[in-house]
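[1] what's the 3D shape of this:
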Amino acid sequence: MKAAIQVDKYGSCGDAVIPWNDDKAMKDALRRYKFYLSLENSCCDDYITEKFWRALDLGVVPIVVGATYDQYLSIAPPHSFIHVDQFGSLAELSSHLTFLASDESQYLEYFKWRQSGKIVTIA
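    Numbers count the residues shown, from 1 in each chain. As a prediction, the model looks like this:
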């Protein structure tokens, strides 16, 4: 995918480290992005971690791998994420992301759920 579009990596294996428990640092770093790769360490049924919810909370569209598309659909706000399994290849996914990044009205469709709902976290 990185061959088709620019992908910035954060964390110990990435280009920079962000303290994941520092909400301000996360928002500051991710504010300029439209998408967040929310890739789970394991692809298991019903396994959806904070990575997904963090992306929604930060106001970026999560691109997900982990639980199935239908499992995300059953708990996620409507039309709020992009599942890798919706595409036949990473090239197709990259093309779709490029399209969304250049078409603001289509990109904003992923945030319409915010007009009738919000993310609530319980500590």
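[2] Every contact and neighbour count from this point should use C-alpha atoms.
    Noted.
[3] Which helix runs longest in the chain?
    In the chain, ranked by residue count with DSSP state H as the criterion, the top helix is helix 90-102.
[4] Give me the buried positions along that one.
    Burial within helix 90-102, assessed by neighbour count using 16 or more other CA atoms under 10 Å, is assigned to 93-94, 97, 100-101.
[5] Which of those residues sits closest to Ser116?
    Proximity of these to Ser116 (CA to CA) peaks at Leu100, which lies at 22.5 Å.
[6] Quick check, the closest one in contact with Gln106.
    Yes. Using CA atoms under 8 Å, Leu100 is in contact with Gln106, at 6.0 Å.
[7] who's in contact with the closest residue to Tyr47 other than its chain neighbours?
    Nearest in space to Tyr47, with sequence neighbours left out and distances taken as CA to CA, 6 or more residues apart in numbering, is Ala67 at 5.4 Å. By CA atoms under 8 Å, 6 or more residues apart in numbering, Ala67 lies in contact with 43-48.
[8] Among these, name the buried ones.
    Ile48.
[9] ok, the contacts of Ala67 vs Ser80, which is closest?
    Nearest to Ser80 among the contacts of Ala67, counting by CA to CA, is Ile48 at 14.3 Å.
[10] Break down this structure into its helices, ranges please.
    Under the criterion DSSP H, the chain carries helices at the ranges 23-30, 50-58, 69-75, 90-102, 104-108.
[11] Distance check, the residue nearest the centre of the chain against Phe81.
    In the chain, the C-alpha nearest the mean C-alpha coordinate belongs to Pro62, at 1.2 Å (CA atoms, centre = their mean). Remark: distance between Pro62 and Phe81 (CA to CA, to the nearest Å) = 5 Å.
[12] Flag the shaky bits of this structure, pLDDT-wise.
    1-4, 121-123 (pLDDT under 70).
[13] now with 80?
    For the chain, residues meeting the criterion pLDDT under 80 lie at 1-6, 8-16, 19-21, 23, 39-47, 49, 117-123.
[14] thinking again about what came up before, nearest to Trp20, out of the contacts of Ala67: which one, please.
    Distance to Trp20 across these (CA to CA) is lowest for Ile48, with 17.1 Å.
[15] Done for today, thanks.
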